[in-house]
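# Here is the input, now give the coordinates:
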Amino acid sequence: MAKEVAAKIKLQAPGGQATPAPPIGPALGQNGVNIGQFVSQFNERTKDLNGTTVPVVITVYLDKSFTFEVKSPPAAVLLKQAAQIAKGSGVPNREKVGKISPEQLRKIAESKFKDLNAYDLDQAEKIIRGTAQSMGIEVEGGG
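Next up is the predicted model:
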């Protein structure tokens, strides 16, 4: 018989560097999850992401056990890394803060594809291009 789900928790945490501090500790604590156990398992599974913010969906069961699924990093985080900038533009239509190549755009679209609502890679690229545009990041040779 399948275990009964008590709660689903969605968080964003730094890959390989999660701590019991907020937002992780309080969110898990109120559902009775062993915080130390989650943090160690999460850090082990995401150690290769080295501090990159990743979304995680934690399913908590009535017996206080849990499972979790790590999603791919948000497009904005990947775009900031590719353009080597600290943050997006406050006025993206006037103030451009960085550039990425079409190859970098395709690579980001490929890594995000399974989490995007797109049928093919070209559509995924358009979604990522829109995110870049709203952050003030130009795609070289953009269309």
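
# show me what contacts T52?
Counting by C-beta atoms under 8 Å, 6 or more residues apart in numbering, T52 makes contact with P14, G15, P73, V77, Q81. Using the backbone N, CA and C atoms, a C-beta is placed for each residue, glycine as well.

# could you dump those to a markdown table with distance to V139, pLDDT and secondary structure?
Output for the contacts of T52, formatted as a markdown table (distance: C-beta to C-beta, whole Å; pLDDT from 0 to 100; DSSP: H, G, I helix; E, B strand; the rest coil):
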| residue | distance to V139 | pLDDT | secondary structure |
| --- | --- | --- | --- |
| P14 | 27 | 86 | strand |
| G15 | 26 | 83 | coil |
| P73 | 19 | 84 | coil |
| V77 | 17 | 85 | helix |
| Q81 | 15 | 85 | helix |
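
# quick one: V70 from T46, how far?
For V70, the distance to T46 equals 6 Å [C-beta to C-beta, to the nearest Å].

# no no, A21
Counting by C-beta to C-beta, the gap from A21 to T46 is 17 Å.

# again with K64
Applying C-beta to C-beta, the value for K64 to T46 is 23 Å.

# Okay, and the spatially closest residue to T19 that is not a sequence neighbour sits in which element?
Nearest residue to T19, sequence neighbours excluded (C-beta to C-beta, 6 or more residues apart in numbering): V39, at 6.6 Å. According to DSSP states H and E, V39 maps onto helix 35-45.

# Using CSV, write down the CA coordinates of that helix.
Written as CSV, here are the backbone C-alpha positions of helix 35-45 (Å, rounded to 0.1, in the frame of the first residue of the first chain):
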residue,chain,number,x,y,z
ILE,A,35,15.9,18.6,9.1
GLY,A,36,19.5,17.2,9.5
GLN,A,37,18.7,14.1,7.5
PHE,A,38,17.1,16.2,4.6
VAL,A,39,20.1,18.7,4.5
SER,A,40,22.7,15.9,4.3
GLN,A,41,20.8,14.0,1.6
PHE,A,42,20.1,17.1,-0.4
ASN,A,43,23.8,18.3,-0.2
GLU,A,44,25.0,14.8,-1.2
ARG,A,45,22.7,14.7,-4.2
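
# Name all residues that make contact with Q12.
If you count contacts by C-beta under 8 Å, 6+ apart, then Q12 has T53, V54, P55, V56, P74 around it.
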